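In: sequence plus the predicted model coming up.
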Amino acid sequence: MNPALLSAVLGGGVGIGVLLIVAGWRGKTKVRLPQTSRQVRVRSAVTAGIGALTWLVTGWVVAGVLAAAAMCALPEILGPDRRHQRRMGRVEGIASWTEMLRDTMSAAAGMEQAILATAPLAPAAIRVEVTALAARIQAGDRLPDALRRMADELADPAADLVVAALVLASQRQARQLADLLGSLAGAAREQAAMRLRVHADRARTRTSVRVIIGTTIVFAVALVLLNRPYLSAYDTATGQLVLASVGLLFAAGVAWLAKIAATAEPSRVLVPSTTSGRVTDKTVTS
């Protein structure tokens, strides 16, 4: 087989393998940041450009594929933890909205009226979900169903506790709901403080991960630019196969390090039903 063709095949294979590893690791994360189509196009263009430039400079197809895969995964690992920031904003937003509900219901307003009144004033982190809840109520949906759908959209343990209390209150006319909402708001803020402490404890690990990855990349780039004859063994098809293996091992190591540095999220109280797709309360069904 032509060495160039073999290199291209090997490069495509290792690229698919690296992307699958990255996708499998990232697929475990429930909270995702929304991206506009323009951001996706820009990132795709930059990724393709880096891959093509690496291929042009080194002459290695596998190196180009590995560079493109690194551009897809490493910015999220080496950059700030935006997912954590979004989760913290969401928990704080849930606590603030719960307090709004408590205060509005204390003024002799019903639950549905309180939700409709607080929807335009909900914190920005959860305003989309609360507004959708209000729209479903106005459209005539049953309140428990609308609340469960909001819990599924928020996908946060703190929101689950608030939704579970509201669902039970709507079905059983629970007394002292305002006091319960106040307690849940306090619990949400305590949970946010706990997550911040855990995140701070993991800061040293995340810094170590960034140092390891950064040092490895800088060393590899320096070898290519300053001592290319040392890497001449990778010019052959066999060398490309070895480089592909090294790339896969490096991707697996990065995924493992990122998993160590990640902060585990508490389990939810409400989970989507596997049969109907609706949200059920584990505390009630178990």
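Out: In hand now; what should we look at?

In: rest of the way, CA atoms for contacts and neighbours
Out: Will do.

In: relative to M105, how far out is the nearest residue to A95 once chain neighbours are set aside?
Out: Of all residues not flanking A95 in the chain, A185 sits nearest, at 4.4 Å (CA to CA, 6 or more residues apart in numbering). Counting by CA to CA, to the nearest Å, the separation of A185 from M105 is 14 Å.

In: what about the two, which has more around it?
Out: Neighbour count, other CA atoms under 10 Å: between A185 and M105, A185 has more, with 27 against 19.

In: could you report the neighbour count for V269?
Out: 21.

In: what of T58?
Out: 17.

In: element containing the nearest residue to it once chain neighbours are set aside, please.
Out: Nearest residue to T58 in three dimensions, chain neighbours excluded: V224, at 7.2 Å (CA to CA, 6+ apart). Using DSSP states H and E, the element containing V224 is helix 203-226.

In: quick check: mean pLDDT of stretch 38-53?
Out: The average pLDDT for stretch 38-53 rounds to 82.

In: in the stretch 1-150 of the chain, where is pLDDT below threshold?
Out: Along the stretch 1-150 of the chain, segments meeting pLDDT under 70 span 1-36, 80-81, 108-109.

In: re earlier: please name every helix or strand in contact with the helix holding V224.
Out: For helix 203-226, the packing partners by 3 or more CA pairs under 8 Å, 6 or more residues apart in numbering; DSSP states H and E come out as helix 237-261.

In: other SSEs contacting the helix it packs on?
Out: Against helix 237-261 (3+ CA pairs under 8 Å, 6+ apart) you get helix 3-26, helix 61-78, helix 203-226.

In: now the helix holding V224: average pLDDT?
Out: 85.

In: check which residues of that helix are buried.
Out: For helix 203-226, a neighbour-count test (16 or more other CA atoms under 10 Å) marks 205-206, 209-210, 213, 224 as buried.

In: also stretch 112-129?
Out: 114-119, 122-123, 125-129.

In: what do you get for stretch 179-192?
Out: So for stretch 179-192, counting by 16+ other CA under 10 Å, buried means 180-182, 184-186, 188-189, 191-192.

In: kindly report the same for stretch 71-80.
Out: Buried-residue list, stretch 71-80, by 16+ other CA under 10 Å: 71-73, 77-78.

In: how about those in CSV, adding distance to L161?
Out: Shown next, in CSV, are the buried residues of stretch 71-80 (distance: CA to CA, whole Å):
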residue, distance to L161
M71, 39
C72, 36
A73, 34
I77, 31
L78, 33
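
In: who touches G89 in this structure?
Out: A125 (CA atoms under 8 Å, 6 or more residues apart in numbering).

In: in which helix or strand does it reside?
Out: helix 82-106.

In: just the angle between that helix and helix 61-78, please?
Out: Per axes from the mean of the first three to the mean of the last three CA atoms, to 10 degrees, the angle that helix 82-106 makes with helix 61-78 is 40 degrees.

In: just how off-centre is helix 82-106 within its chain?
Out: Its chain's C-alpha centre and that of helix 82-106 lie 19 Å apart, by CA atoms, centre = their mean, to the nearest Å.
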